[in-house]
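>>> What follows is a predicted structure for the sequence shown.
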Amino acid sequence: MTRGRALPLIRGSAALLASGCLGVTLWTGLEQRGIALAFGALVALGELTRWTGPRAREAAPLGAAGALSYALLGEVAGRPSAHGVAQVVSVVLAASLAGCVPNIARGRGPVIDHLARRVLTVGFAAVCFQPLYNRGTFTDWSGPAYALLLVALLALTALCDALLAATLAYSRTGWPFGPLLRDELHRMLGIGSAVCATGAVMALAVAVVGLWALPVFCLPLLLTQVSLRRYAAVRKTYRQTIASLARATEIAGYTPAGHARRVAALSRAVGRDMGLTGPELTVLEYAALMHDIGQLSLVDPVPAGATAGLPGVEQRRIALLGGAVVRQTGVDAEVAVVVERQADPYPEQPPAARIVRAVNAYEEKVRDAGPGGPLTALEELRLGTAGDYAPEVVEALARVLSREGLTLPSAG
């Protein structure tokens, strides 16, 4: 599937499913309204408490868990449920829209892709379970067998959700689909597994004790969400600290303003294009921010902070000094290794060090060039692939710059 067709296909499928289910529900009426209202309230509460932080895989984990548990609900306090696929999708969609209203009013509402993903994921789970349950296929399933069935269906639903999330990210960014899907599958081990587990437990608990199980079993997930928010705040503060350290060379006049930030942004884009994982991208970004910090140990500053044109021995000396400084700051040792090895021959470098070296050289070469500077800088890097720069990094850099129109992030 091409990038241009993926987004319209997902949105169109979600709109078609939602409109069809709403039409059926309006025509046939709402079954077991008390149960539908209870699960709808849970989904709406989840949207109200949604996480608005960056890089959140599941912004509303409580809403997702409530929606999945309703899709896989068979009995309520020992009595069979009567809702079907259409009602599940309709209730979840209406509750999600109701819960989104306050966030939209504050300018923090989800984009249409969030709702499309929710509708398709819940619809998939409901289609896998409700028709078979209503036909009595699972009548003889009980105890561990029934629990394992729900876990298996939730695992399939989680894979479907990861595929949708990766496809949406691919359509928005154009990054390689494989690494995006791998990142989504890796993130499932965190909040994704908690959502699936809570959804299964709530469906099983409601089947035994009734709707009173909902507030009891949603509390752990709410506490988990609070913990994740605090963790995200700590990570944000950590990154701000690193960015502040990186600016020391700019404040001292060793490097131009915004140099470290531009190299970090472009390095992360190149790393993403090359298929680096989330943790590897984080190390790459931190190393790119601090790649020039070794210049603080120099008595005589390098003109304009341009180290790419220095002799190899001098480049390695500055890199080693920078690695020593990074180690003393308490930053991850992997970041220090990348900073230390950014001036080594590229066959001996780790991938992150290769990226930082090539991107730093590109930024220095293009900094004061004219309109043709980006193309000229790329040609110089290509000529240097015989010994200085890794060919695969230079080509990835060219692809990234081509998508961005051969520009760099602004210096502001």
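Happy to help now that I have it.
>>> Wait, Ala147 touches Ala207, no?
No: applying CB atoms under 8 Å as the test, Ala147 and Ala207 come out as separate, 10.4 Å apart. Quick note: C-beta positions are derived from backbone N, CA and C, even for glycine.
>>> Can you pick out the residue with more neighbours from these two?
Ala207 (21 against 15; other CB atoms under 10 Å).
>>> What helix or strand is that one located in?
helix 193-209 (DSSP states H and E).
>>> and for that helix, what are the contacting residues?
For helix 193-209, contacts defined as CB atoms under 8 Å, 6 or more residues apart in numbering pick out 58, 61, 64-69, 72-78, 146-147, 150-151, 154-155, 157-158, 213-214, 216-218, 220-221, 224.
>>> now stretch 268-278
Contacts for stretch 268-278 (CB under 8 Å, 6+ apart): 173, 175-176, 178-179, 182-183, 186-187, 280-281, 284-285, 288, 351-352, 355, 358-359, 392-393, 396-397, 399-400, 404.
>>> 6 Å instead?
Residues outside stretch 268-278 that contact it (CB atoms under 6 Å, 6 or more residues apart in numbering): 175-176, 179, 183, 281, 284-285, 355, 396-397, 399-400.
>>> same deal with stretch 69-81?
Here stretch 69-81 makes contact (CB under 6 Å, 6+ apart) with 35, 39, 88, 122, 125-126, 129, 133, 150, 199, 202-203, 206-207, 210.
>>> which of those residues lies closest to Val24?
The closest of these to Val24 turns out to be Val88 (CB to CB; 11.1 Å).
>>> And for the closest residue in space to the closest one that isn't next to it in sequence, the neighbour number?
Computed as CB to CB, 6 or more residues apart in numbering, the closest residue to Val88 that is not its neighbour in sequence is Ala126, at 4.2 Å. The tally of other residues near Ala126 (other CB under 10 Å) stands at 27.
>>> for Tyr133, same thing?
A total of 20 residues lie near Tyr133 under the criterion other CB under 10 Å.
>>> ditto for Thr25
Residues lying near Thr25 (other CB under 10 Å) number 22.
>>> now Ser193
14.
>>> still on that earlier bit, which residues touch the residue nearest to Val88?
By CB under 6 Å, 6+ apart, the contact list for Ala126 reads 71, 85, 88.
>>> For the residues you listed, which PyMOL command selects only the ones that are buried?
Here is the PyMOL selection string for the buried members of the contacts of Ala126, based on 16 or more other CB atoms under 10 Å:
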select buried, resi 71+85+88
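>>> helices and strands around the helix or strand hosting Val226, which ones?
According to DSSP H and E, Val226 maps onto helix 213-246. Counting contacts by 3 or more CB pairs under 6 Å, 6 or more residues apart in numbering; DSSP states H and E, helix 213-246 is packed against helix 61-71, helix 193-209, helix 278-289.
>>> Adding distance to Glu340 and pLDDT as columns, could you present the contacts of Ala126 in CSV?
Shown next, in CSV, are the contacts of Ala126 (distance: CB to CB, whole Å; pLDDT from 0 to 100):
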residue, distance to Glu340, pLDDT
Ala71, 51, 91
Val85, 57, 91
Val88, 55, 93
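>>> So which residues of the stretch 51-200 of the chain form helices?
Using DSSP state H, counting those that start in this stretch, the helices of the stretch 51-200 of the chain run over 61-71, 85-105, 112-134, 144-173, 177-187, 193-209.
>>> Quick check: which of the ones you listed has the most neighbours on average?
helix 61-71 (a mean of 29; mean count of other CB atoms under 10 Å).
>>> what's the neighbour count on Arg235?
When neighbours are counted by other CB under 10 Å, Arg235 comes out with 14.
>>> Quick check: pLDDT value at it.
pLDDT recorded at Arg235 is 79.
>>> ditto for Leu245
Reported pLDDT for Leu245: 80.
>>> quick one: it and Ile318, what's the gap?
16 Å (CB to CB, to the nearest Å).
>>> Compare the two and say which one has the larger neighbour count.
Per other CB under 10 Å, whichever of Leu245 and Ile318 has more neighbours is Ile318, with 23 against 19.
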